[in-house]
Structure formats: structure tokens, C-alpha cells
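**Student:** this is a predicted model, with the sequence first.
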Amino acid sequence: MNALNKIREFDQSIWLDFIRRKILINGELVKRIKEEDLRGVTSNPAIFEKAIGGSDDYDTTIRALALQGKSADDIYAELAVADVQHACDLFRPLYDSHDNSGDGYVSLEVGPNLINDTEGTIEEGLRFWKAVDRPNVMIKVPATLEGLPAIRKLISEGVNVNVTLIFGLERYEAVAEAYISGLEDRVKAGGAIDNINSVASFFLSRIDVLLDPVLEKIVEEGGDKAKIAEPLVGEVALASAKKAYQLYKGIFAGPRWEALKQKGANTQRLLWASTGNKNPKYDNLRYVDGLIGPETVNTIPVETLDLFREQGKVANTLETNLDQVDEVLNALPKLGIDLQERTQFLEEDGGQKFKEPFAKLIDSIEKKRVQALDLQPVAADMQLGQYQQEVDAKIEEYKKSDFITGFWNKQADLWTQDAKAQESIRSYMGWLRVAETMVDEVGRLEQFAQEAKAEGFTHVVVMGMGGSTMAPIVFEKSFPKGENGLDVLILDTTNPGTVQEIEKAVPLEHTLFIVASKSGTTAEPLAFGDYFYEKVKAVKGDKAGENFIGITDPGSPFIETAKELGYRKVFLNFPEVGGRFSALTFFGLVPAALYGINVGELLARAVIMMRACGAYGPSDNNPGLQLGAALGVLSTQGRDKLTLVVPKSLSDLGLWLEQLLAESTGKEGKGILPVAGEHLGKPEVYGQDRVFVYVGYENEADEDNTQKLKTLQEAGHPVITIRMKDALDLGAEFFRWEAATAIAGAVLGINPFDQPNVQAAKTATDKIMKEVAEKGSLPEQEKALSEGGLDYYSSVSGGSAQELVQQFFAQAKAGDYVSIQAYLTESAAVNEETAELRQKIQDKLHVATTFGYGPRFLHSTGQYHKGGPNTGLFLQLTAGHPQDLPLPGRSYSFGTLQDAQAQGDLEALQSADRRTLHVHLGNDAAAGLKTLLAAF
Ligand SMILES: O=C(CO)[C@@H](O)[C@H](O)[C@H](O)[C@H](O)COP(=O)(O)O
Ligand SMILES: O=C[C@H](O)COP(=O)(O)O
């Protein structure tokens, strides 16, 4: 037990007189709370100057806020509020505990320029109170004459107040009076007072710093006065504090106070502030050791706190030598020292001591703000050839009609005239500004990641479908693991082979599992969660929940499940942000932070793009409008296959883009088909339905692709090139593509935020699973042919596998596409064989090919397959599950679920009159694929 733990026995609370984002994130504050019994935090403008002005911890946030058009003052307030909120949250368990003894508070001071402004103080106090929005924040108000009515008013409004800059006893009494009157006002108005807390911050070292030289001078001068002065040196502050404590005991007793106490009022405890010693002649712990007593707080700077932990002497000192207290205070007038006058000086000087660093801080923020405003996103190079004119005309039309203002105002008639669809559009446009909201969460996300690492987690498995996992897939593939990051794996398939691979790849005990589901009802993530919970339970028993977190929407039924299972945490996402638009929400950013990516910078880049896209007023070159208008117009002109070309380092970006584009636009027989993963060929292998988009890096030449794209452009194909500075620009790209997709949706006249045809496959699957539950097996399908260990199911027929396959593909005509849907264990061999098949199809038929693992693509391109134009030929591939896995609490296995999903989607495709061929490859998918390739 160290001195900090021991002091609790004396009912004194130690608070920390310091705050900085770093200590909130790196676990230092939590460690101090847990191990050193720290019970609160105080901040002031000088502390924030050191934290914000003296470090680059806040730079990305300053940039993001500057780009949002905020002033330096607003930026300061947002940074301070965010840190205070974060610290409040770290103290929340203490604050919520029954024996919190009035602790668990974090203080935020009103601006120093309001020191003599009653109304301004009230207004800012209420504003900060609302902005922090935590019951355990205290608003700090200076104890000036103008501050007193503000204190009374704020207390009467139910605000917790830390009264600061108290130097004298008379003023202390006035402060206590303001508090009590405030409580009485509140009682009169019928408000509750039991939840209000307040402290009176009495400043110590500054008293001695001012008076010691005066006393020492008298001592030097000699004579009678010197004799009086000598014992007073270094004693005035402690004597004042001890006297104040005696006054406190008197004030918070007697009938007036008792009446309030009956109603649950808390006393306004004295808080010792300015407790860092400034005089090298004194013991550095004098303002801590010397003032220990019940119902008091001491807020201590870091160095003094650390010293006290090691060397502090803990005893009740606050009420010792009380007879000397009056002697010291009464002796001062005899020396011609008017303490009240001196403390008035300290008050004014105290104001100045906060105004100066605050001005310096605002100045340094202002410089960073101005610099930020010059930032621009990377421009897309659009070579649209014959389509340029039409695209320009569309942009012009949108400019004239002020489309962008309507867009940012969620004006749903830009997309459709249907009232119901308009309502849905309005309620799913939260993505527009969600990056701004997430800027405030950065500190908390980083702290969470740090905590996970400190607790010994080494791996993370993100489990979910579609929009809930696409961004984490992209992050994991596009970034190296961060210095403090954990290994991240993603599970988004019911394939038992893949589930097993993931299980083998992670140490269960040290793995954090994330169940990510917006709705909280999607079958797959719930199954993954249950499966791995059982596994972890076998290792950790009742503590299994520690290894699980959830990300879901408020109101989702999963919240209750997570609570019951003791999940470590549930991040609540945003109901007004749809899955495929949620890359920059908790769905993308919790895994990103755990992987060690700089999420603050990612968001700052997103905000640069938002600004360019008109979020804060019109912009000349709007990247979202340019890309969206181009994609929309090109699609209406038959160039509806967006062929994505990326360097290897961005190989999975296509998965995210596929979902965004296909699910948003593929409906009502229209849409843009994203084609990812094809190798670039010569112009002659392509039809006239392509638009090529290259997304790569500025400093990565990628000569082969660049050369091929140039040839394609020369041959008349539209080519768009985006070269990012580095992977953090993905933050900006996510936003550019989201805006562009929504705008392309307006050009096409569809609702980009619904997915009406995804449900068809889900419903068919549910029906099949019902049959499985009743009959114990999947319904039989009618086979067209079996050959070489492969089973073929299709409406086309043939005497042999080769004939049947050829008949199927013979249906392809210009403008069609072939979609290969692999309900298989993801593997290099499957990737290679299917890539070869795609190449052959393209070479032979000159149609676009897409590829997706099932059930992943059901939550992505599946919408386009059934809702987009009827131009697809669907080759469904399934295989046996030699090592199937049972699912806890269910009568079926992972394998059966995956087969039912395949069958359900096939039925949905057939109901939409799509051309389908299902090939069951036997137990060895790679070998089966070779046989199929031969047949092709
Ligand atoms: O007022 C409170 C706590 O309520 C403190 O944060 C207070 O501002 C600080 O203790 C002092 O400003 C520190 O003063 P000093 O050590 O610079 O004299
Ligand atoms: O894209 C979304 C997927 O369909 C998964 O939905 P969910 O996040 O509600 O589980």
C-alpha cells in the first residue's frame, strides 16, 4: 500500500491537476485510477495550453475541425470537451459506485476572458455542461465578485461547479454562500439537489510565493517586526487553508444547512489547488502532507503526485496546531500586511496567469487552422473521351439547380418522387457527416485499442457480413499492422472450412472477437458469435465474455444478448448510416484502431474530401459530383461495367467498392456493375460496356497496368485514374465513392440506400432452413447431369458436361456478364482456378466476369444480380463439407447453412428469370474446378 492508497483512510480524495489526450489513451489515467486510488481530474487553461499547444497529439483533430470551418476558439472548446468527456468516462465506474464519496469528477474551466463577466460565465458554463453531457463533469468558475452570482445560478440550474481561484477567507465564505443559495434556489424551483456536487478550490503555493518575499524582507530589516515575521515565512498558505477548513465545518452545519441536507444536499468540499511547491527551500510535499483531513480534496500536479506516492507521510495534519493558525493570520496586520488586499492581487494575477497561456494556445491553434484550409484531396484524372460532353452537361445541370446544396440537406426528391422512398432516403443519409462525429471518438477508440493490447490480446476476429466487415477487410489488406496493433482476421462466411482455419489461426484465450451486425439479427454473425463463445467458454469458463465485443445499432436485439453473455463492450453505431456506407463508423474504425491504424488521420483525410465535396459550402471542383455524374451518365450510355484496376497492395478495395456500387445502384433493372479482380487485357477482349477505374498510389508506378490503361483509353474506353498519396487516403476515397455512388443514383433515378432484392434470397433460405428443421436435410434439387464426380443443375441441357457448359455460356451476348459464385472454402487454389476460368470466359465471350465467395456476396453484389438488369449468367459452385462443424443451439451445421444459402439464392435468381448453372464440385473443390475448366 503506498501513500496514495493510504490517504483514503483519512477520507481525503486525491485528484490529478493535469489532463492530456495521451494519458487518456495510453492507459496511464486508468492505471492511476485503479492502482493509485485517483478520484478525479482538474484542468485549467494553462493545463490545456501545455497539452494542446505543447504536443502534436491533437494535430489531426485540429485539422479535421479546421476543415469543418470551425474557428480557433471552437476548436479549443471541442478538444477540451472531448478530453473531459473521455476522462469522465474513465471515472464513470467510480462515480457510479455507491461509496464514491463525492468523487469521480473531471473539471472544465470556462474561458479565462470571462473572469469578470457574470452573464458570459453562465452562458459558457451551461454550454460546456451540455456539450460534455456527463453527470460527472464539474464546470470551473473563478471566485471573482462577478463569478459569485454565476456560481449561484449554475448550481440552481443543476450544474456541478468547481469554484476556482480562491485565495482569501472572506471570499471563501462568499463562495460557500453562493453554493448554498444556489441549492436553495433550486429547491424553491422544485428541482432535485442530491445529485449536485461542488468543490471550492483554495489556491496555496501562490499565497506563499507572494507573501514570503514580503515577510523575508521584514525579517532582513530586523527589529520587532522581524521577530513577528520570521515564524510566518512559508506558513500563511497552510494557515489560511486550515482556517478555511474550520469555516467549512461551521458553514455546513446548523439549521440552514440541515434543511438542505434533509433533501440530500452534498457539502461543498474544500479542494487544495496550486499544491506544487515553488520554493526550493521547502519540502516539495508541503501542500499535500500538510493538509490531510476528512471531506477534502487535494488536486496535485503529476510530479508532486508521483513524489507523494513514494515519499508521502500520511497523517491527519489538517487539524493539528490549530492555535498557531490564528496566530499567523492575526500577526499579518501587525506587519502592515493586508491579506485581503494581497489576495485580491492574487486573484487578478491568477486571471492573467490563465489569460496568457490561453491566448498562446488560441494563437497556435489558429496557425494550424489556417494551414489546414489549404489541404486538397487528390484529384481524379477523368479521360472520358466521347462521353465527356454529356458528363459535363450533367455537372452543369446539377450546378445550375444547386443540386449539391440539396444533397447536403438530404433533399430526397433529388433521387425519386416516391414519398415512401424519399422517407427511406432521408433516414439513411447519416453517412454524410458521420466522419465529423467519429472525429470526437478517436481518443476513445485509441484508448480501447491500447487497453485490449495491455490486457494481453494478440488477435482480433471481426465477424459479420457485408457492410459490417468490408471496410475491415480493406484495412487489413491495405495497411501493414500498426506498431501497437493486433493481428486482425475477418470471418464473413459460413463455410466450415474457413471457420476452422480461423479457429486454428488464433489463440482463443488471447483473441478479441467482434460480433459486428447493424441489425443484430443477421444469421451469420449470430452463428459465428455463438460458435466462438462456446470455444472460448471451454477455455475461460464464465469469463468468456471478456473476449467479446459487439458493434450494433441502438435498439438492436443483440445488445441484450451481449449483456447476458457478459461482453466486454458494445459499441453503438448510427441507425441513420446504412451498412455499405459505414466504413468510417465504429464498424470500420474499431477494427482499424485495434489493427493500429491512425484513425484520426484517416478521418481528417475524409473531412478534406467532405469539404471538397461541398460539406461546408460550394466548391469549384467537387470530386464526388464529378465522379458520380460520370458514373451515372456512363451507365445510362451502356458503359455500366465499372472495371476496377488496382495494384496488388490494394487488392481487396474491390470488395468494398463492389458492395457500395452494386447494392446501391443495382435495382429497378438499372445499375452499375463493379468488376473487380479481372486481369487487364487488350482492347479487343472488351465490349463497349466498360469504364475503367484505376485506384493506386502516387509513388507506385504500376507500369504494366498504366500502359494497358493508356492503350484502352486510346481505343475509346473511358478511363478514370485516382492516385492516392498513401493508404490513409482511403479515408478520403471512402467518402469520395460514397458521395459519387449516391450522386450516380440520382442520375439513374433510383434510391441508392435500399436493397429490396437482398431479402428475396434470405426469405428463400429461411424457407429451406425450415424444411431442414422439419425433415433433417436440404430439399433435393433436380439434377441435369452428373459426370466426372461433378453434378450439374441447370435449365439448359446437354448430353455431356462439356455440351451442357457450352450451352449455358452460349447464351451470353454483348453487354452481359458472368458471375461466378463460389460457396467454397477460400483458398489460393480456388482463387487461381476461378481466375483462369474468368480469363477464358473473357477471352472467348468478351463479356465481363465477376467473382465472389458465398455467402459474402449475398450481402453485396447479390442485390445487383437480382435487382439490376437481366444481363447476368450465374455460375454457382458448391462443394461437400468433409469436416463440417456443428452450430451450438441449432439443429443444423455450418455446412448445411451455407448449402441452404446457396440454394436459397439460386431460387431467388431463378424467380427473377436469371440464367443459372449450379455445379457441385464434390469434396475437393480445387480438383472439381479443374474438371469444370476442362469442360469449358
Ligand atoms: O483550480 C484548480 C482545481 O480546481 C486547479 O486546476 C488550479 O487551476 C491549479 O491547481 C493551479 O492553477 C495550479 O497553479 P500553480 O501551481 O501554477 O500555482
Ligand atoms: O451489409 C450488411 C449485411 O447485410 C449485414 O447486415 P447487419 O450488419 O445488419 O448484420
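**Tutor:** Received it, and whenever you're ready, just let me know what you need. Because the structure is a prediction, the values reported are computed rather than measured. Ligands and ions are numbered 1, 2, ... in the order given.

**Student:** looking at it, residue 490 is touching residue 474, isn't it?
**Tutor:** No: in this structure, residue 490 is not within contact of residue 474 by C-beta atoms under 8 Å, at 10.0 Å. C-betas here are computed from N, CA, C, even on glycine.

**Student:** for residue 854, which non-adjacent residue is spatially closest?
**Tutor:** Distance criterion C-beta to C-beta, 6 or more residues apart in numbering; nearest residue to residue 854, sequence neighbours excluded, is residue 823 at 4.0 Å.

**Student:** count of residues packed around the one you found?
**Tutor:** 29 (other C-beta atoms under 10 Å).

**Student:** repeat that for residue 422.
**Tutor:** Neighbouring residues of residue 422 were enumerated by other C-beta under 10 Å; the total is 18.

**Student:** mind checking pLDDT for it?
**Tutor:** According to the predicted model, the pLDDT of residue 422 comes to 96.

**Student:** distance of it from ligand 2?
**Tutor:** Look at residue 422 and ligand 2: by C-beta to the nearest ligand atom, to the nearest Å, they are 22 Å apart.

**Student:** and that residue, helix, strand or coil?
**Tutor:** helix (DSSP: H, G, I helix; E, B strand; the rest coil).

**Student:** and this structure, which residues reach ligand 1?
**Tutor:** Taking C-beta under 6 Å from any ligand atom as the contact definition, the chain meets ligand 1 at 17, 42, 44, 107, 140, 162, 164, 201, 205-206, 271, 273-274, 276, 299.

**Student:** which ChimeraX command selects the buried ones in the residues you listed?
**Tutor:** Buried residues among the residues of the chain next to ligand 1 (16 or more other C-beta atoms under 10 Å), as a ChimeraX selection:
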select :17,42,44,107,140,162,164,201,205,206,271,273,274,276,299
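
**Student:** any idea which of the residues of the chain next to ligand 1 is closest to residue 838?
**Tutor:** Within the residues of the chain next to ligand 1, the smallest distance to residue 838 is 62.5 Å, found for residue 107 (C-beta to C-beta).

**Student:** mind listing the residues bridging to the closest one?
**Tutor:** In this structure, residue 107 has beta-bridge partners residue 138, where bridges are defined by DSSP bridges.

**Student:** check contacts around it.
**Tutor:** Applying C-beta atoms under 8 Å, 6 or more residues apart in numbering to residue 107 gives the contacts 40, 41, 42, 43, 84, 137, 138, 139, 140, 162, 164.

**Student:** now, which of the residues of the chain next to ligand 1 lie close to ligand 2?
**Tutor:** The subset of the residues of the chain next to ligand 1 within reach of ligand 2, by C-beta under 6 Å from any ligand atom, is empty.

**Student:** out of the residues of the chain next to ligand 1, list just those in strands.
**Tutor:** Among the residues of the chain next to ligand 1, the members falling in strands (DSSP state E) are 107, 140, 162, 164, 201, 271, 273, 299.

**Student:** okay, and the beta partners of the fifth one?
**Tutor:** Assessed by DSSP bridges, residue 201 has beta-bridge partners residue 271.

**Student:** if I pick the residue nearest to residue 854, what's in contact with it?
**Tutor:** 495, 853, 854, 855, 876, 877, 878, 879, 898, 899, 901, 902.

**Student:** repeat that for 6 Å
**Tutor:** Contacts of residue 823 were listed using C-beta atoms under 6 Å, 6 or more residues apart in numbering, and they are 854, 878, 898, 902.

**Student:** between those residues, which is closest to ligand 2?
**Tutor:** Ligand 2 has its nearest neighbour among the contacts of residue 823 in residue 854, at 13.2 Å by C-beta to the nearest ligand atom.

**Student:** quick one: the closest one and residue 820 touch, right?
**Tutor:** No: checked against C-beta atoms under 6 Å, the pair residue 854 and residue 820 is beyond contact range at 10.2 Å.

**Student:** looking at these two, which one has more neighbours?
**Tutor:** Just comparing residue 854 and residue 820: by other C-beta under 10 Å the higher neighbour count belongs to residue 854, 23 against 20.

**Student:** any chance of the backbone angles for that one?
**Tutor:** Torsion angles at residue 854 (phi, psi; degrees, to the nearest 10) stand at phi -100, psi 150.

**Student:** having no further points to raise, I will conclude here.
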